[in-house]
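Participant: Show me how the following folds:
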Amino acid sequence: MALVVVAVCVSLYSLPHAHARSADGFGRMERLLNSLRGSAESSAALGELRGAGEASAAHPLEKRQIYDRSCKGVYDRSLFNKLEHVCDDCYNLYRTSFVYSSCRENCYSNLVFRQCMEDLLLMDVFDEYAKAVQVVGRKK
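Facilitator: Residues are numbered from 1 along each chain as shown. A predicted model of the protein is given here:
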């Protein structure tokens, strides 16, 4: 019985800190997204027009179509899936479509991806993910 009381006290003590971490992360992500939105909105309209013309000329099921076209490195499905999971989990955390698209920009080499890694508490394996970004995003 005493063990249960200790466990409950420890969990109640840690809950306010967990909530504050989440709120802090949300505030940082909002500031980051707001700073990126201004520059992205003007280029997004051009990208939509350009993308519509390319889609009709290209085969609809290109090998790299589901991934960012800026990824010019090694096409490794397992690395892409690993990087995709970070962006998917970050979207599930914030439920903002801008997070979903910004996380993948420049072949995952951006501040939103790094912020997602931090907010998902993945910084202990950041070097592993950074190497994956370098492999799939290597410029020719």
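
Participant: so where's the chain uncertain?
Facilitator: Applying pLDDT under 70 to the chain picks out residues 1-26, 28, 36-69, 139-140.

Participant: The residue nearest to Phe126 when sequence neighbours are not counted: neighbour count?
Facilitator: Leaving out its chain neighbours, the residue that sits closest to Phe126 by Cβ to Cβ, 6 or more residues apart in numbering is Met117, at 5.7 Å. Using the backbone N, CA and C atoms, a C-beta is placed for each residue, glycine as well. As a burial measure, Met117 scores 20 neighbours (other Cβ atoms under 10 Å).

Participant: element containing Met117?
Facilitator: For Met117, the enclosing helix or strand under DSSP states H and E is helix 111-119.

Participant: Show me what that helix packs onto, helices and strands only.
Facilitator: Applying 3 or more Cβ pairs under 8 Å, 6 or more residues apart in numbering; DSSP states H and E, one finds that helix 111-119 makes contact with helix 2-57, helix 77-94, helix 97-102, helix 126-137.

Participant: rerun that using 7 Å as the cut-off
Facilitator: helix 2-57, helix 77-94 (3 or more Cβ pairs under 7 Å, 6 or more residues apart in numbering; DSSP states H and E).

Participant: Packing partners of the last one?
Facilitator: When contacts are defined as 3+ Cβ pairs under 7 Å, 6+ apart, helix 77-94 sits against helix 97-102, helix 111-119, helix 126-137.
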